[in-house]
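Enquirer: Just need the structure, nothing else, for what follows:
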Amino acid sequence: MVDMNLEQARHNMIVQQIRPWEVMDDQVLDLMMRTPREDFVPPQYRNLAFTDMALPLGHGQAMMPPRLEARMLQVLAVQPDEIVLEIGTGSGYVTVLLAQLARHVYSVEIVPELKQATEHRLAARGLTNVTLDEGDAAAGWPRHGNYDVIVVTGSVPRLAPELQQGLNVGGRLFVVAGEAPAMEALLITRLGENEWSRESLFETELPPLQNAPQVRHFVL
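Expert: Just a heads-up that it's a prediction; the model follows:
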């Protein structure tokens, strides 16, 4: 596609996918209009960067559909003074979006090749408020203390309690929980030292986070 077609595709993504999915936050819409999603997908999928689908990243990983990324950002309402943990760096697209909203983003990726690719993308954009870690954060990542916002970019059959324990009071956790075809996006807010609220946002499907805690199934 030529650049003009990319710009039209980006515009169509906003108008035809994201706005109809109840995303009306001007800051989120502007952010996604300004950030070149096509630079974060594998080259063979560049022409599909704005389609309403999860795009394969290799290594068994996938990039969330644009409308899910937008809805997630709107719900979390990340503030300029907040510290964010992203579990599953993936393509680095959500990492870059979060970095433009937050004070600092800690992003953890289990696949070394994906982490390295994101390092190059961050350097090319001059972003200095992101720390990339390599490891398994399916049950939380206490290395940097607690966080104001936690974003889990893959689904979890069962929510590890350590994830919500990793929030500061007033902090928010976005996660897609359950098993296909019964998955739901959740917003969990820490109200106090031992108190959380749990809001079911919408039904969706998302590829599972690697090494996520599993539901125990009883076999008779």
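Enquirer: tell me which residues in the longest helix along the chain are buried?
Expert: Ranked by residue count and defined by DSSP state H, the top helix of the chain is helix 112-125. By neighbour count on 16 or more other CB atoms under 10 Å, the buried set for helix 112-125 is 114, 115, 117, 118, 121, 122, 125. Yep, even glycine has a C-beta here, placed from its N, CA and C like the rest.
Enquirer: For it, which helices and strands make contact with it?
Expert: strand 55-58, helix 93-99, strand 104-109, strand 130-134 (3 or more CB pairs under 8 Å, 6 or more residues apart in numbering; DSSP states H and E).
Enquirer: Outside of the first one itself, list whatever touches it.
Expert: What that stands for is strand 55-58. Outside strand 55-58, the residues that touch it by CB atoms under 8 Å, 6 or more residues apart in numbering are 41, 42, 45, 48, 49, 62, 63, 90, 91, 113, 114.
Enquirer: Restricting to C-alpha, output it in CSV.
Expert: Provided in CSV are the C-alpha atoms of strand 55-58 (Å, rounded to 0.1, in the frame of the first residue of the first chain):
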residue,chain,number,x,y,z
LEU,A,55,-2.4,-10.7,13.8
PRO,A,56,0.2,-13.4,14.3
LEU,A,57,3.6,-12.2,15.6
GLY,A,58,5.3,-15.6,15.5
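Enquirer: Quick check: residue 177 vs residue 36, distance?
Expert: Distance of residue 177 to residue 36, given as CB to CB, to the nearest Å: 31 Å.
Enquirer: The two - which one has more neighbours?
Expert: More neighbours surround residue 177 than the other of residue 177 and residue 36, with 21 against 14 (other CB atoms under 10 Å).
Enquirer: For the more buried one, list the residues it contacts.
Expert: Contacts of residue 177 (CB under 8 Å, 6+ apart): 155, 156, 157, 158, 159, 183, 184, 186.
Enquirer: Surely it forms part of a strand?
Expert: Yes - under DSSP: H, G, I helix; E, B strand; the rest coil, residue 177 sits within a strand.
Enquirer: State the distance from it to residue 57.
Expert: In terms of CB to CB, residue 177 sits 22 Å off from residue 57.
Enquirer: returning to what we had before: make TSV out of the buried residues of helix 112-125 and add pLDDT and distance to residue 145.
Expert: Below are the buried residues of helix 112-125 laid out as TSV (pLDDT from 0 to 100; distance: CB to CB, whole Å):
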residue	pLDDT	distance to residue 145
114	96	25
115	96	21
117	94	27
118	95	22
121	93	26
122	93	22
125	92	26
